[in-house]
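> Mind looking at a prediction? Sequence and model below.
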Amino acid sequence: MKTLLEFTKRLSRLWPYFHSGKGAMSLALLATVTASLTEPLVPALLKPLLDQGFNRGSFSIWVVPASLLLLFGVRGLAGFTAQYALASFTNSGLLNLRQAMFQKVLSAKLNLFAQQSSSTLTNTLVYEIFNGTAILTHAMMSLVRDSFTLIALVGYLCFLNWKLTLIVACLFPAVAFVMHILSTRLYRLTKASQAATDKLAYVVEENVLAHRDVRLHSAQVEQLKRFRGLSEALRSLSIKSSVASAAMTPMTQMLAALALSAVISMALIQSESNNNSVGSFVAFVTAMLMLVGPIKHLSEVASPITRGLAAIERGMELIELTENETQGEFSKIRATGHIRFINATVNFGSEAPPAVNKLNLEISPGETVALVGASGAGKTTLVNLLPRFIDTTSGSVELDGCDIQNWKLDSLRKQIAIVSQHVVMLNGSIALNVSLGQTVNRQKVMECLQSANLDQFIASLPNGIDTEVGHNAMQLSGGQRQRLAIARALYKDAPILILDEATSALDTESERAVQVALERLMKDRTTLVIAHRLSTVHHASRIVVMDGGRIVEVGSHAELFDKGGHYARLYKLGLHEPDTTAAINHP
Ligand SMILES: Nc1ncnc2c1ncn2[C@@H]1O[C@H](COP(=O)(O)OP(=O)(O)O)[C@@H](O)[C@H]1O
Ligand SMILES: [Mg+2]
């Protein structure tokens, strides 16, 4: 009873996504119940046929065949309607669930992506939800159909001979007990296999992403071992759950066979003492045998229901347990670009030292500030605070005098353009990638591509700006992708620009082309530039040197170089590139 209650509660959590299809569901239920209720009519037709049909003349010859045709006509129509309505119900629920999940992926707090791998999210959203919904609704329908068939048949049996029927009733608790034990185990095993499948998918995903590194470091054997370990675990889980589900069928069938034998013997003994008709005995045994089907189905229905429910629940957990990003009310068409970090602190884990530690920094509108520092100094973390990709653990960040927590996210992010070393392109045309999130103005796209020094490359493409870049624009070179990202930033025309090692992945040749494009982009904007080469730093009005999450030095290149501190040391370690050294030594 407790499990039933819990089960209903779990089902009712799904209802918000499925209630839009309630018309279809009612129709499916109605049709299913109609089909079930016609079941006892088959043995019921046998009774008069046997008792009177073969005594010639007692009723017209055509009555039985005509009723039989009518009966199967009704059943067929009801069955068809049920299937159709069920498909419509299932798919409308699936649509709602998927949309809600994707919506969540788009609005969730960004730490979701640190906790879940992309393959886990893809798997849950695309495949599991579909399989889960299909399995669950079919199983639920079968539950309804078989329960009603069972009720109708048992009712008919009671009507024929209630004493014999009592024996059948005694078997229900036994069947229920077996079902309960096995389905609990099956549920646990299903959850465990899903987790194992995710891990396995993750290994494949990683190896696809890092295929070059794996080969370069000859890590194949190690990766194979990892994969094999997980596959073995999955295999053993899958066998265990097969054992559990395979045990269910024979066990319930044995119970059914036991009942059947008892009933037949009892009926035979009874028929000696009182004069039951042949017709009613045949009708009883037929109805009795017809019980085996629904009982068998009902004993098996627990497994797909638990499996389907578990799959959908994982998706629902994503929707319900994942928090959305928080935001405020403040909004502005165009910020002036006045930025202040006030005691900003970011702590990723309680053990690790803060990535950004009580940092204070004020940047005036239009200023270009360069952030330099060793790798791991906290530069990326600091700039990621601005678009709220990361939130401060303590302290605050202000834009135009308003705490960014109080900005509307949409408005805040409109103020910021970012070019980082990881350029991500979406599968679509160049024009769509450049104008991402805005309407495509072809003229403006062309201008931005030109400013990004990409016009010649675009002219060489067969379809110009309508060329599809493909999956993450892998066929473009690093420099081309980087300049495409710059064109995207130009198109956005935001007052604040963040350049996070935008040129670090490039060779000198393409860097020069990108450099020119970047200078155009930085003009008249508040710019935060993280650079590991002095050519970019040189344009900054101020250089901020970071170490261990703190600012250790601030000043111009000449000042800092003469001071002989952190900056001078970084500079000597090779912050510069060889061919710009001359220019910097003679400013
Ligand atoms: N998502 C993250 N989770 C945990 N630690 C992180 C995360 N991102 C950065 N860190 C840590 O924060 C510190 C600063 O990193 P980062 O800002 O990327 O440095 P930089 O850009 O200066 O090289 C590093 O010690 C890094 O390990
Ligand atoms: Mg970085």
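Thanks, I have it. Ligands and ions are numbered 1, 2, ... in the order given.
> CA only for contacts and neighbour counts going forward, please
OK.
> Now do the helices in the stretch 251-400 of the chain.
Along the stretch 251-400 of the chain, counting by DSSP state H, counting those that start in this stretch, helices occupy 278-321, 379-385.
> Spit out the contact partners of residue 97.
Neighbour list for residue 97: 17, 129, 316 [criterion: C-alpha atoms under 8 Å, 6 or more residues apart in numbering].
> Within range of ligand 1, give me the residues from the stretch 201-350 of the chain.
For the stretch 201-350 of the chain, the residues in contact with ligand 1 (C-alpha under 6 Å from any ligand atom) are residue 348.
> Burial check on the residue in the stretch 201-350 of the chain that ligand 1 sits nearest to, number of neighbours?
Residue nearest to ligand 1 within the stretch 201-350 of the chain: residue 348 (4.8 Å; C-alpha to the nearest ligand atom). By the criterion of other C-alpha atoms under 10 Å, residue 348 has 14 neighbours.
> Then residue 39?
For residue 39, using other C-alpha under 10 Å, the count is 21.
> Also residue 409?
By the criterion of other C-alpha under 10 Å, residue 409 has 19 neighbours.
> ok, it to residue 331 distance?
Separation of residue 409 from residue 331 (C-alpha to C-alpha, to the nearest Å) stands at 9 Å.
> need the helices of the stretch 251-400 of the chain in TSV with mean pLDDT and mean neighbour count, can you?
Below are these laid out as TSV (pLDDT from 0 to 100; neighbours: other C-alpha atoms under 10 Å):
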stretch	mean pLDDT	mean neighbour count
helix 278-321	83	20
helix 379-385	95	20
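> is it possible to export the ones you listed to a markdown table including distance to residue 339?
Listed next are the helices of the stretch 251-400 of the chain as a markdown table, based on distance: least, C-alpha to C-alpha, whole Å:
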| stretch | distance to residue 339 |
| --- | --- |
| helix 278-321 | 33 |
| helix 379-385 | 11 |
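> looking at those, which is closest to residue 398?
Closest approach to residue 398 among the helices of the stretch 251-400 of the chain (C-alpha to C-alpha): helix 379-385, 10.3 Å.
> From the chain's centre, how far out is that closest one? Work that out for me.
Remark: helix 379-385 is offset 28 Å from the chain centroid, using C-alpha atoms, centre = their mean, to the nearest Å.
> quick one, what contacts residue 307?
132, 135-136, 187, 190.
> From those residues, pick the one nearest ligand 1.
Comparing the contacts of residue 307 against ligand 1 with C-alpha to the nearest ligand atom places residue 190 closest, at 31.2 Å.
> Pretty sure the closest one sits against residue 241.
Yes - counting by C-alpha atoms under 8 Å, residue 190 touches residue 241, with 7.3 Å between them.
> that older thread, tell me which of the helices of the stretch 251-400 of the chain sits nearest to residue 419.
Nearest of the helices of the stretch 251-400 of the chain (C-alpha to C-alpha): helix 379-385, 11.5 Å.
> Give me the contacts around that closest one.
By C-alpha under 8 Å, 6+ apart, helix 379-385 touches 346, 355-356, 371-373, 390-392, 397, 498, 500, 528, 530, 546, 549.
> Which single one of the residues you listed is nearest to ligand 1?
Lowest distance from ligand 1 to the contacts of helix 379-385 (C-alpha to the nearest ligand atom) belongs to residue 355, with 4.2 Å.
> Can you report how many residues neighbour the residue in the stretch 1-150 of the chain that ligand 1 sits nearest to?
Relative to ligand 1, the nearest point of the stretch 1-150 of the chain is residue 114 (6.8 Å; C-alpha to the nearest ligand atom). Number of residues near residue 114 (other C-alpha under 10 Å) recorded here: 8.
> quick one: the helix or strand where it lies to chain centroid distance?
Using DSSP states H and E, the element containing residue 114 is helix 112-115. Remark: helix 112-115 is offset 12 Å from the chain centroid, using C-alpha atoms, centre = their mean.
> Buried residues in it, which are they?
Under the neighbour-count criterion of 16 or more other C-alpha atoms under 10 Å, helix 112-115 has residue 112 buried.
> how about the residues of the protein that lie near ligand 1?
348, 355, 375-381.
> if we go to 8 Å?
Residues of the chain found near ligand 1, taking C-alpha under 8 Å from any ligand atom as the criterion, are 114, 347-349, 352-356, 372-382, 500, 546, 548-549.
> Buried only: go through the residues you listed for me.
347, 354-356, 372-374, 377-382, 500, 546, 548-549.
> out of the residues you listed, which are inside strands?
Among these, DSSP state E puts 356, 372-373, 500, 546 in strands.
> For these, which two are the farthest from each other?
Comparing every pair within these by C-alpha to C-alpha identifies 356 and 500 as the most remote, at 16.1 Å.
> Let me see the contact set for residue 391.
By C-alpha under 8 Å, 6+ apart, the contact list for residue 391 reads 346, 385.
> Mind doing that once more with 6 Å?
Residues near residue 391 by C-alpha atoms under 6 Å, 6 or more residues apart in numbering: residue 385.
> the strands in the stretch 101-250 of the chain, which residues?
Using DSSP state E, counting those that start in this stretch, no strands are found in the stretch 101-250 of the chain.
> for it, what are the low-confidence residue spans?
168, 171-172, 175-176, 179 (pLDDT under 70).
> what about the helices in it?
Going by DSSP H, counting those that start in this stretch, the stretch 101-250 of the chain shows helices at 112-115, 118-122, 129-209, 211-216, 220-273.
> got the contact list for the fourth one?
Here helix 211-216 makes contact (C-alpha under 6 Å, 6+ apart) with no residue beyond itself.
> among the helices of the stretch 251-400 of the chain, which is nearest residue 160?
Here helix 278-321 is closest among the helices of the stretch 251-400 of the chain (C-alpha to C-alpha), at 6.9 Å.
> next one: the closest one to chain centre, how far?
29 Å.
> the inter-axis angle of that helix versus helix 129-209?
In terms of direction (axes from the mean of the first three to the mean of the last three C-alpha atoms, to 10 degrees), helix 278-321 departs from helix 129-209 by 50 degrees.
> Quick check: residue 366 vs ligand 1, distance?
Using C-alpha to the nearest ligand atom, to the nearest Å, we find residue 366 at a distance of 23 Å from ligand 1.
> Nothing else from me, thank you.
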